[in-house]
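Colleague: Please find the sequence and the predicted model below.
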2 protein chains.
Amino acid sequence: MTSSPPFEPPRHADVLAAQRVLDGYAVETPLLESPLLNERLGGRLLIKAEPLQRTGSFKFRGAFNRLCRLDQDSCDRGVVAYSSGNHAQGVAFAARLLGIPATIVMPRDAPAGKLSATRAHGARVVLYDRQHENREAIGQDLANRHGLTLIRPYDDPWIIAGQGTVALEAVRQAERIGTHIDLIAVPCGGGGLIAGCGLALVDLLPEARLFAVEPVGHDDTRRSLADGRRTCNPPGVRSFCDALLVDTPGDLTFGINRVLVEGGLAVDDAETAEAMRAAFTHFKLVVEPGGAVALAAVLAGRLDIRERACVVVCSGGNVDPKTFGAVLHEPAATARDV
Amino acid sequence: MTSSPPFEPPRHADVLAAQRVLDGYAVETPLLESPLLNERLGGRLLIKAEPLQRTGSFKFRGAFNRLCRLDQDSCDRGVVAYSSGNHAQGVAFAARLLGIPATIVMPRDAPAGKLSATRAHGARVVLYDRQHENREAIGQDLANRHGLTLIRPYDDPWIIAGQGTVALEAVRQAERIGTHIDLIAVPCGGGGLIAGCGLALVDLLPEARLFAVEPVGHDDTRRSLADGRRTCNPPGVRSFCDALLVDTPGDLTFGINRVLVEGGLAVDDAETAEAMRAAFTHFKLVVEPGGAVALAAVLAGRLDIRERACVVVCSGGNVDPKTFGAVLHEPAATARDV
């Protein structure tokens, strides 16, 4: 396996540049608000609704920004990505818009909707076994053998800068409604989204406090931030937050997050299911489990937003109807069993 | 029962005025799009996402516009409205924003979420029996006895003008993405939303073709448009589109719609359930049955949008989790039985 050259960490200016690249391609997703929830929470909760983004999650932002930086030769040869589903769809659709062939390495047990949507965007899908195979190795091997460019899900400066446009937009949208943001809570897997958000805030709103939210047992970023060094998750803990099941923080992302993120919070699946129901009831928004953890942290009282304005990123909505229906019907059972 | 003075029909300028009144209060709901659905339909489908409006449906627009026209004395005495749920919430929340006491007459069998949300907005709720009592009579009686202003759900020029801002926004949003709208499909109960949309288009986009969509058996507007006079629905036909179960077109609304609406389309509950699933999958949007009928008409091929740009209004998202879960889980059974 050949190693790639080390990347320079991205900066605030790279997020601004990504915003220009994405203009007209990404959706400026709305900031949603519910007077009834605000009243209950005693603060102002602003939901950045990334399920309404192209391909149903924020991942399109980073993917499109990354693919726009390829030279013509790399575009002709194509790209490869590994992903449990949202990065897959983001890369597949961005590649299609730009006329670049895409191969996506996905786990055999990824949600059916994520698999079929990735194929529908015209990508070639290669399946692997999450328990026994290494997706990075498969991706790197495909890249080496076919001359493809590997598009990493988070440890890439252009990916991080692209994801940061979520916070850039949110700050500007909050300004337009006359609100100054005090807190931002962001779902965290490999840490690309929150790293980008941190960079977006640096020059814009440096006093805002930024929190990474993860599922209990998959809170490697929370523990790594507390320890000051990258740690791994214990094996065997299950969660239905399929988009966030990353073993350890990214290298590039953690380097940013240890500086810019205030701390980590962990929520259990029952709290996440409750947040999905709240998004259904109050925002009419379909949020997938992994996309709902930051909202869960606020609703479960792990992040106190009283007398504060808090942006909560709901990062994606790619959930199978069966899982979503189960969350609506049998909350307790679902949170335990799925 | 005292009769109210007859209203002058609203005009295009009244929709423009409503837009100014609503600025900063109503959400400019996004136009959503799915490349995969566009490909399948061979046209450009733009969803005007009113579930993301305040109180979860377009009804807030008309209600707020109407209440802003009351004099101080009327505001002090308060308002009364009858509604199966969405107009109820719209009036209740608009009244709260403006500090006006609100009494809402709602059917005992309205969806639980619509009842509880109306109460949560601070309105006094009076229940009635849909089979044996007349809501207009109850509303008028409360108005007479307590000096309240009756806020009609559709046969009111300010209500119609407020609802018309849906189309006004959609036309401007489509312009911003460089698209010229050919077709507009709108869910239709009493006809206030589509009448307002018709007025919005008159001077702005007169060549766009406007269609009213209703549930089969509740297609009084479709048949009235075909006959050139207001007709009633046959009794006893069931539908789970609770927001659209109106017996006959409004007087004021039909006067507008017979001139400005091209025709009516009817969809069955199975087609509507399929549209709710499509909104879930492609737009991550929670749409209630009555809010999904226009999308159903397009997806079921009753409105051909090939090589056309079509705005479909998804008018509301106030659906109980149980009904929505059933639609996701057991499509065929739900469409028949609910």
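Modeller: Happy to help now that I have it.

Colleague: so how many other residues sit close to A:E28?
Modeller: Burial measure for A:E28: 15 neighbouring residues, criterion other CB atoms under 10 Å in any protein chain shown. C-beta here means a position set from N, CA and C on the backbone, and glycine is covered the same way.

Colleague: wait, it sits on A:E169?
Modeller: Yes: shown here, A:E28 and A:E169 form a contact pair, counting by CB atoms under 8 Å, at 5.7 Å.

Colleague: Show me which residues of chain A are close to chain B?
Modeller: Residues of chain A lying close to chain B by CB under 8 Å from any CB of the partner chain are A:27, A:29-30, A:32, A:35-36, A:51-52, A:54, A:56, A:93, A:113, A:117, A:120-121, A:277, A:280-281, A:283-287, A:317, A:321-322, A:324-326, A:328-329.

Colleague: Make sure A:L210 is indeed in a strand.
Modeller: Yes: checked against DSSP: H, G, I helix; E, B strand; the rest coil, A:L210 lies within a strand.

Colleague: What is the burial count for it?
Modeller: Neighbour number of A:L210 under other CB under 10 Å is 22.

Colleague: Repeat that for the one 4 residues further on.
Modeller: For A:E214, the tally of surrounding residues (other CB under 10 Å) stands at 29.

Colleague: Report the beta-bridge partners for it.
Modeller: When bridges are called by DSSP bridges, A:E214 pairs up with A:A266.

Colleague: hang on, isn't it packed against A:R222?
Modeller: Yes: counting by CB under 8 Å, A:R222 is a contact partner of A:E214 at 5.9 Å.

Colleague: any shared contact partners between the two?
Modeller: When contacts are counted by CB atoms under 8 Å, 6 or more residues apart in numbering or on different chains, A:E214 and A:R222 have A:264-266 as shared neighbours.

Colleague: So which of those wins on neighbours?
Modeller: For the shared contacts of A:E214 and A:R222, neighbours tallied by other CB under 10 Å; top is A:G264, 22 neighbours.

Colleague: pretty sure it is in a helix, no?
Modeller: No: A:G264 is assigned strand when assessed by three-state DSSP, not a helix.

Colleague: didn't it look like it was pressed against A:D227?
Modeller: No: contact criterion CB under 8 Å: A:G264 and A:D227 do not qualify, at 10.8 Å.

Colleague: Which pLDDT value belongs to A:R238?
Modeller: The score at A:R238 is 92. That number is its pLDDT.

Colleague: give me every residue that touches it.
Modeller: Contacts for A:R238 (CB under 8 Å, 6+ apart) come out as A:G217.

Colleague: Provide the backbone phi and psi angles at it.
Modeller: A:R238 adopts backbone torsions of phi -100, psi 150, taken as degrees, to the nearest 10.

Colleague: okay, and for the stretch 1-150 of chain A, where does confidence drop off?
Modeller: A:1-6 (pLDDT under 70).

Colleague: By proximity to chain B, which residue of it wins?
Modeller: A:P51 (3.6 Å; CB to the nearest CB).

Colleague: Around the residue nearest to that residue when sequence neighbours are not counted, how many other residues sit close by?
Modeller: For A:P51, the nearest residue in space outside its immediate sequence neighbours is A:G317; the separation is 2.7 Å by CB to CB, 6 or more residues apart in numbering or on different chains. By other CB under 10 Å, 27 other residues sit near A:G317.

Colleague: Please report the distance of A:G317 from B:I184.
Modeller: For A:G317, the distance to B:I184 under the criterion CB to CB, to the nearest Å works out to 26 Å.

Colleague: Please apply the same query to A:H329.
Modeller: A:H329 is 35 Å from B:I184, where distance means CB to CB.

Colleague: Same question for A:Y128.
Modeller: 46 Å.

Colleague: Check which helices and strands the helix or strand containing A:T118 sits against.
Modeller: Secondary-structure element containing A:T118, defined by DSSP states H and E: helix A:112-120. With contacts defined as 3 or more CB pairs under 8 Å, 6 or more residues apart in numbering or on different chains; DSSP states H and E, the packing partners of helix A:112-120 are helix A:86-98, strand A:102-107, strand A:124-128.

Colleague: hmm, 6 Å instead?
Modeller: If you count contacts as 3 or more CB pairs under 6 Å, 6 or more residues apart in numbering or on different chains; DSSP states H and E, helix A:112-120 packs onto helix A:86-98.

Colleague: Next, the angle helix A:112-120 makes with the helix it packs on.
Modeller: When axes from the mean of the first three to the mean of the last three CA atoms, to 10 degrees is applied, the directions of helix A:86-98 and helix A:112-120 differ by 20 degrees.

Colleague: Would you mark the buried spots in helix A:86-98?
Modeller: Of the residues in helix A:86-98, those with enough neighbours to count as buried (16 or more other CB atoms under 10 Å in any protein chain shown) are A:86-97.

Colleague: Could you do stretch A:133-149 as well?
Modeller: Applying a neighbour-count criterion of 16+ other CB under 10 Å, the buried positions in stretch A:133-149 are A:135, A:138-140, A:142-143, A:148-149.

Colleague: Mind checking which of those residues land in strands?
Modeller: Where the buried residues of stretch A:133-149 overlap with strands, as defined by DSSP state E, the overlap consists of A:T149.

Colleague: what's the offset of stretch A:38-55 from the middle of its chain?
Modeller: Computed by CA atoms, centre = their mean, to the nearest Å, the chain-centroid distance of stretch A:38-55 equals 15 Å.

Colleague: and that stretch, how far apart are its ends?
Modeller: Using CA to CA, to the nearest Å, the end-to-end distance of stretch A:38-55 comes out at 29 Å.

Colleague: same thing with stretch A:301-311?
Modeller: 15 Å.
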